[in-house]
Structure formats: structure tokens, C-alpha cells
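A.B. asks: 3D model of this:
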Amino acid sequence: MNTEPQAATWSGIADWYDNLLQSGSGPHELAVQTLLRLSATAPDADVLDIACGQGHASRALARAGARSVTGADLAPEMIAAARRHEADEPLGIEYLVEDAATLHALPDAAFDLVTCQLGLMDIPDLTATLTAVHRVLRPAGAFVFVIGHPCFLAPDARTITTADGRPARLITDYLHERFWTSRNPRGVRRAGNHHRTLATYLNSILTGGFTLELVKEPTAGTLLAQQQPVYRAIPIFFAARARKTH
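C.D. replies: Model prediction:
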């Protein structure tokens, strides 16, 4: 698969994305907190963070005490931003320009934990990615991911106000799996998003050599609730921990 257009798209918004996270993003703070809770990083764990972007989750995992953290992302400018943060705050993280669907540069059975914060829905080939994750995990290693909740962030979903004044989400096209882009010039999904149903994600995990251990639909933290009140009552994310079984 030619990944150059996708890499160029994400490189093109790298500075904007880095500034978004640095300025305080409620969704991303909730996502990384959820990722850390599900990861329960041990001091002797070697961690790979795929689709790492500018290293937001990678840095959190390193601060949480992982023995080593490697961040991999397809977009060179995202990795450049991550390396700048590493230079400013050395945490011993290694960053690689690498396709999550192949992880060619990484050896078999090299990691105890693989994580993916808000990246699986940006990756075209879910099956290939899970195969690569399975390959680089050690026996009984864990895969932890957080995605935008496909039930409530489906294509063309929008926030509305109910008759009694409550914010709600209007979903009109959940079952149609496809690539789509948002018309919101300030949203990250302007770079594109591969919408899949929740069943597709879970069945892909279960048929990919993993056992599903735990799932979460986290409630909004204070910052997210202030920025987007609709997510006080509706989960913005779906998260899971899966264990390599064979």
C-alpha cells in the first residue's frame, strides 16, 4: 500500500496538532489518562506506542515508569515534533518513522506492551496492524488502545440540543464503514478517519490472536466537560486491553 499520501497529510497538520495538545485538549487528556489506567505500566516493561504522533502518550508512558518506550508514526513531521519534545525533556524515548501496519524495523517478540492512543481509526489496514502488533509482542504481552467511540463519532454525527435543552448526539450513518473527512477546519478528522463499527474492532481483536481483557467507555474529565458538555453523558472514547494468547 502506498502510504505517502497519508504520511503527507498528517505531516501537513503536525504543527497544528502539536499546538493543540500543548494548549490543553480535553479529549486528549482523557484519552491518555484512560490509556495509562489500562496499561498499568510495570517498571520492567518495554513499550511500543504506535501511531504516536508528536509523542503525547509516549511521554506519559515513560513518565509512568516503563523501562523503555519506543514511539512509531508514519508521518515524518509528527516524529520530528516528538523528537523536539524529547530534546526539551529527555525521557529516553526512541522515535521511528514507521508504518504501524508492518512495523518492519522492529523485531519479533520485542515488547511487553503495545499502545495506540487515538490512532487505530486513522490506519487504513486494521487487520495488518493487529498482525504486526501481535508479532512484536512477547508471549502474553498486552495491546491497549483508545479510539474515538465509533457509535458516537460516526461520519456526519453532530451535536444537537433536545427539546428540554440537553446536548445530545445525532447519529445517522453508523453502519456504513468507510473513509471520511470532516468539514470542520479546526478538527483533527479533517485529515481523514476510517470509520468502523464497534463489532469490526472487537471481532478483529478476537480473531487476531488476542483475548479481550477489559473495555472502558470513560466519562468526561473536567476539561473535556467544559470544552464539550455533550460528553458528560455520552462516551467520547472506547478503550480496551487485549492479551496475546498464541
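A.B. asks: following the helix or strand harbouring Leu223, which helix or strand comes up?
C.D. replies: Assessed by DSSP states H and E, Leu223 sits inside helix 222-227. With elements assigned by DSSP H and E, the helix or strand that comes after helix 222-227 is strand 237-244.
A.B. asks: For that following strand, which strands pair with it and how are they oriented?
C.D. replies: strand 137-148 (antiparallel), strand 210-216 (antiparallel) (DSSP bridges).
A.B. asks: would you turn those strands into a markdown table with mean pLDDT and distance to Ala100?
C.D. replies: Where C-beta positions appear, they are placed from N, C-alpha and C, glycine not excepted. Compiled in a markdown table, the strands paired with strand 237-244 are given as follows (pLDDT from 0 to 100; distance: least, C-beta to C-beta, whole Å):
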| stretch | mean pLDDT | distance to Ala100 |
| --- | --- | --- |
| strand 137-148 | 97 | 11 |
| strand 210-216 | 97 | 16 |
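A.B. asks: Show me which of those strands has the highest average neighbour count.
C.D. replies: Ranked by mean neighbour count, the strands paired with strand 237-244 are led by strand 137-148 with a mean of 21 (mean count of other C-beta atoms under 10 Å).
A.B. asks: Grab the CA positions of it and hand them over as CSV.
C.D. replies: Provided in CSV are the C-alpha atoms of strand 137-148 (Å, rounded to 0.1, in the frame of the first residue of the first chain):
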residue,chain,number,x,y,z
LEU,A,137,4.6,-8.6,21.4
ARG,A,138,6.2,-11.0,23.7
PRO,A,139,4.1,-14.0,24.8
ALA,A,140,1.2,-12.9,27.0
GLY,A,141,2.0,-9.3,26.1
ALA,A,142,-0.8,-6.7,26.1
PHE,A,143,-2.2,-4.4,23.5
VAL,A,144,-4.0,-1.3,24.8
PHE,A,145,-5.9,1.1,22.6
VAL,A,146,-8.1,4.1,22.8
ILE,A,147,-10.3,5.1,19.8
GLY,A,148,-12.9,7.7,19.2
